[in-house]
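Chemist: what shape does this take:
(one chain, ligands or ions: 2)
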Amino acid sequence: MLDLTGKKAFVTGIANDLSIAWGIAQQLHQAGAEIGVNYLPDEKGRFEKKVRELVEPLNPTVFVPCNVQDDAQVDAVFETIKEKWGKLDILVHCLAFASKEDLSGDFSSTSRAGFTTALEISTYSLTRLASAAKPLMSEGGSIVTLTYLGGVKVIPNYNVMGVAKSALEMSVRYLASELGSNNIRVNAISAGPIRTLASSAVGGIRKMIRHVEEVAPLRRTVTQTEVGNAAAFLCSDLASGITGQVLYVDAGYEIMGM
Ligand code: NAD
Ligand code: 0WE
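Modeler: Ligands and ions are numbered 1, 2, ... in the order given. Prediction:
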């Protein structure tokens with residue numbers, strides 16, 4: 001049985017009710033985990049209010065601001081977790097960002113700043129969070145991140161995000177290799193395209209979703225709940241022998257050649 005009772009789970013990347021991170025948080029909570037979340041701080045406090053109201057039904061015992069570009073904010077998150085929980089069992093990394101101009105047009109036009117920002121937020125953040133989580137995962141733990149096929153194969157317009165996801169998937173392997181001796185497992189879920197805040201801002205996403213609905217073995221896209229269930233599995237003892245892997249939750253799309 002999938003049972004996360006007594007587990008403390010910190011989930012990053014909730015922006016609204018369409019966020020994949022929200023689907024994951026709900027499924028971890030349903031399996032019995034105690035939930036903590038972050039919000040991305042902004043001047044108007046819009047995300048703070050939205051995320052606070054959204055997660056209220058899950059009774060989160062940790063609710064903290066965190067922009068992963070700021071080391072002080074990352075350290076403060078794990079200070080709070082240490083105070084409130086004394087340990088951490090589950091860390092979910094579910095965030096990405098590239099500037100909009102770098103998600104269309106020629107990949108070769110990517111600016112130095114755009115490349116750096118995309119890899120800092122979307123890739124380095126996993127390693128930074130894992131490093132801060134390590135001392136709190138004294139009883140072992142599970143780290144899960146979200147990736148996309150565009151990190152393995154060329155997907156038009158995914159561009160610098162593809163480079164970021166490729167590096168993210170390799171980061172999963174290096175982290176899994178290092179943290180295995182602490183009984184900390186590190187895996188990625190490669191989700192098929194889902195309409196979210198991030199993906200809706202991308203031109204042509206509707207067409208991509210229609211394409212997946214025609215070609216994927218299951219003839220549909222996946223839901224946030226399905227990704228959440230796979231994440232709950234990877235975080236549970238049912239997956240105790242699995243680390244360093246990329247699990248495709250994509251209605252089978254990845255196996256198709258044409
Ligand atoms: P989303 O917009 O709901 O989530 C992205 C999150 O990243 C937001 O919560 C945002 O606040 C956060 N974020 C951005 N910059 C940040 C920063 N500097 N510090 C902290 N947080 C920051 O979109 P989503 O589609 O749910 O994306 C979640 C993850 O899933 C991403 O890693 C994305 O690449 C991945 N993914 C998405 C799809 C899809 O089709 N939607 C498919 C495969 C993988
Ligand atoms: O990882 C993602 C989305 C990542 C993303 C999206 C945005 C849009 C708004 C990162 N940064 C930003 N920055 C913004 O300003 N996905 C897997 C969803 C996605 O994005 C694509 C896709 C798919 C699928 C971009 C191009 C082509 C396909």
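
Chemist: buried residues in the lengthiest helix in the chain?
Modeler: Determined from DSSP state H, the single longest helix within the chain is helix 159-179. With burial defined by 16 or more other CB atoms under 10 Å, the residues of helix 159-179 counted as buried are 159-165, 167-169, 171-172, 175-176, 179. C-betas here are computed from N, CA, C, even on glycine.

Chemist: stretch 201-217 too?
Modeler: So, applying 16+ other CB under 10 Å, buried residues of stretch 201-217: Val202, Ile205, Met208, Ile209, Val212, Ala216.

Chemist: just checking the longest helix of the chain against ligand 1, any contact.
Modeler: No. Counting by CB under 6 Å from any ligand atom, ligand 1 has no neighbours in helix 159-179; the shortest distance is 6.9 Å.

Chemist: name the next helix or strand downstream of that helix, please.
Modeler: Remark: after helix 159-179, the chain's next helix or strand is strand 184-191, criterion DSSP states H and E.

Chemist: that following strand near ligand 2 anywhere?
Modeler: No. Using CB under 6 Å from any ligand atom, strand 184-191 stays clear of ligand 2, coming no nearer than 7.3 Å.

Chemist: and that strand, how far out from the chain's middle?
Modeler: Strand 184-191 sits 9 Å away from the centroid of its parent chain (CA atoms, centre = their mean, to the nearest Å).

Chemist: now do it: everything it contacts.
Modeler: With contact meaning CB atoms under 8 Å, 6 or more residues apart in numbering, strand 184-191 is reached by 20, 130, 134, 137, 140-149, 151-152, 168-169, 172, 175-176, 179, 222, 227, 230-231, 234, 239-240, 242-250, 254.

Chemist: in PyMOL, select just the buried ones from those residues.
Modeler: Those of those that count as buried under 16+ other CB under 10 Å are selected in PyMOL with:
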select buried, resi 20+130+134+137+141+142+143+144+145+146+147+148+149+151+152+168+169+172+175+176+179+222+227+230+231+234+239+243+244+245+246+247+248+249+250+254
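
Chemist: so which of the contacts of strand 184-191 are in strands?
Modeler: Gly141, Ser142, Ile143, Val144, Thr145, Leu146, Thr147, Val246, Leu247, Tyr248, Val249 (DSSP state E).

Chemist: show me the contacts for the closest residue to the fifth one other than its chain neighbours.
Modeler: Of all residues beyond its chain neighbours, the one nearest Thr145 is His93 (4.1 Å), with distances taken as CB to CB, 6 or more residues apart in numbering. With CB under 8 Å, 6+ apart as the criterion, the residues that contact His93 are Thr12, Gly13, Ser125, Leu126, Leu129, Ile143, Val144, Thr145, Leu146.

Chemist: what's the pLDDT at His93?
Modeler: For His93, the model assigns a pLDDT of 99.

Chemist: now swap in Ala198 and tell me
Modeler: So Ala198 comes in at 91 (pLDDT).

Chemist: just how off-centre is stretch 211-226 within its chain?
Modeler: A distance of 19 Å separates the centroid of the chain from that of stretch 211-226, by CA atoms, centre = their mean.
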